[in-house]
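> next input, structure requested:
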Amino acid sequence: MAIAAVLTNTEGIILEVNPAYERVTGRCRGELVGQKPGINSAGTTVRPTYEDLWNTLQQGQVWEGALENRRPDGSFWWAHELIIPIRLGERVAGYWAMIAEDSESTARTLPDTAEKTSQTL
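Below you'll find the model as predicted:
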């Protein structure tokens with residue numbers, strides 16, 4: 001199973017994506033870079049969820065949750081997301097997100113991946 005990954009700056013602008021992210025979102029790298037991940041939003045996630053997401057990240061903490069998304073072809077998909085602040089000393093320089101289409105098997109693999117990733121940063 002490939003984990004989709006996206007790198008953003010502190011404003012949430014996409015800087016880079018991996019091929020698995022392109023596959024799961026149905027969008028190519030050229031459509032994604034320079035946009036916010038909300039380009040994939042289905043518009044159904046309630047505002048308090050996004051407020052919690054950003055408050056958590058701005059405190060330098062990891063956020064984990066599920067968001068409903070929509071591909072350009074109109075199909076919906078749930079993303080189980082783990083978003084990790086990237087620190088340079090005391091400063092947060094951006095965010096690294098790992099995304100899997102939500103299912104029992106993928107939801108359990110993300111925390112293990114995050115722990116390994118945070119140890120290598």
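
> which strands border the strand ranked longest in the chain, and is each parallel or antiparallel?
Longest strand of the chain, by residue count under DSSP state E: strand 76-88. If you go by DSSP bridges, strand 76-88 pairs up with strand 63-70 (antiparallel), strand 91-101 (antiparallel).

> same list (these) but as a markdown table, adding distance to residue 5 and mean neighbour count.
For every residue, glycine as well, the C-beta is placed using N, CA and C. Below are the strands paired with strand 76-88 laid out as a markdown table (distance: least, C-beta to C-beta, whole Å; neighbours: other C-beta atoms under 10 Å):
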| stretch | distance to residue 5 | mean neighbour count |
| --- | --- | --- |
| strand 63-70 | 15 | 18 |
| strand 91-101 | 5 | 19 |
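
> got TSV for those, with distance to residue 4 too?
Compiled in TSV, the strands paired with strand 76-88 are given as follows (distance: least, C-beta to C-beta, whole Å):
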stretch	distance to residue 4
strand 63-70	11
strand 91-101	4
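
> which of those strands has the lowest mean pLDDT?
In terms of mean pLDDT, the lowest-scoring of the strands paired with strand 76-88 is strand 91-101 (a mean of 91).

> CA atoms only: put that strand into CSV for me.
What follows is strand 91-101 as a C-alpha-only set of coordinates in CSV (Å, rounded to 0.1, in the frame of the first residue of the first chain):
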residue,chain,number,x,y,z
ARG,A,91,10.2,27.6,14.1
VAL,A,92,7.5,25.6,12.1
ALA,A,93,8.6,25.7,8.5
GLY,A,94,5.7,23.8,6.9
TYR,A,95,3.6,20.6,7.2
TRP,A,96,4.1,17.1,6.0
ALA,A,97,0.8,15.2,5.5
MET,A,98,0.3,11.5,4.9
ILE,A,99,-3.1,10.5,3.5
ALA,A,100,-4.7,7.2,3.0
GLU,A,101,-8.2,6.4,1.7
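
> and that strand, how far out from the chain's middle?
On the basis of C-alpha atoms, centre = their mean, to the nearest Å, the separation between the geometric centre of strand 91-101 and that of its chain is 6 Å.
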